[in-house]
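> got a sequence here, can you build the structure:
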Amino acid sequence: MDQNGVLNSKLLRFGLSVAAVLLAAIGLIELREKVNSTTVALAFLVIVLSAATFFGRNPALLASFVAMLCFNYFFLPPVHTWTISDPQNLVAWTAFTITALVAGELSAYANRRAREAEQLYEELQKPLRRQLRQRL
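Residues are numbered from 1 along each chain as shown. Okay, the predicted model is just below:
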């Protein structure tokens with residue numbers, strides 16, 4: 001995605017990433033009785049991947065940090081504490097955090113490589129266009 005204009009603002013990209021996590025957390029809190037921790041983790045992971053895809057690595061890292069905090073505080077028992085009492089939930093929390101960080105990094109890396117490939121393509125096309133113009 002072209003990051004010109006409105007999306008070029010760092011503050012806006014970071015703000016939208018955090019806002020998406022917080023809005024998802026609010027929605028998932030309302031559905032807490034109907035969703036399990038895996039569903040919550042996957043919902044947050046989609047947001048982190050989207051942040052990495054559209055806004056870059058650093059907003060995705062911030063989104064993953066905020067999502068990890070929300071996941072722990074609102075969804076892992078005992079809720080509304082920073083304590084994780086069940087070892088299985090500690091494993092789930094750790095797996096979510098690592099997955100979000102790695103996936104965000106991979107998505108940002110793929111976007112960076114795609115931009116580099118587009119730039120290289122344009123650079124390679126310039127001499128060919130020049131040659132075509134000279135022949136015409």
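> name the nearest residue to Ser50, ignoring sequence neighbours.
Ala20 (7.1 Å; C-beta to C-beta, 6 or more residues apart in numbering). To be clear about C-beta, it is placed using only N, CA and C from the backbone, and glycine gets the same treatment.
> which of the residues in the one helix or strand the one you found maps to are buried?
Here Ala20, judged by DSSP states H and E, is contained in helix 10-30. Buried residues in helix 10-30, counting neighbours by 16 or more other C-beta atoms under 10 Å, are found at Arg13, Phe14, Leu16, Ser17, Val18, Ala20, Val21, Ala24, Ala25, Leu28.
> and the pLDDT for the residue nearest to Ser50?
You'll see Ala20 listed with a pLDDT of 97.
> what about it, distance to Val46?
Distance, Ala20 to Val46, using C-beta to C-beta, to the nearest Å: 10 Å.
> Asn58 too?
For Asn58 relative to Val46 (C-beta to C-beta), the value is 19 Å.
> quick one, helices of the chain?
10-30, 37-55, 57-70, 87-135 (DSSP state H).
> deepest in the core, which of the ones you listed is it.
Among the helices of the chain, helix 57-70 has the highest mean neighbour count (mean count of other C-beta atoms under 10 Å), at a mean of 21.
> how far off centre is that one?
7 Å (C-alpha atoms, centre = their mean, to the nearest Å).
> packing partners for it?
On a contact count with 3 or more C-beta pairs under 8 Å, 6 or more residues apart in numbering; DSSP states H and E, helix 57-70 meets helix 10-30, helix 37-55, helix 87-135.
> relative orientation of it and helix 37-55 in degrees?
Between helix 57-70 and helix 37-55, the angle comes out at 160 degrees (axes from the mean of the first three to the mean of the last three C-alpha atoms, to 10 degrees).
> who touches helix 57-70?
Residues outside helix 57-70 that contact it (C-beta atoms under 8 Å, 6 or more residues apart in numbering): 13-14, 16-18, 20-22, 24-25, 44-45, 47-49, 51-52, 93, 96-97, 100-101, 104-105, 107-109.
> contacting residues for the residue positioned nearest the centre of the chain?
Central residue of the chain (C-alpha atoms, centre = their mean): Val48, 2.4 Å from the mean position. Residues near Val48 by C-beta under 8 Å, 6+ apart: Val21, Ala60, Ala63, Ser64, Ala67, Ala100, Ala103, Gly104.
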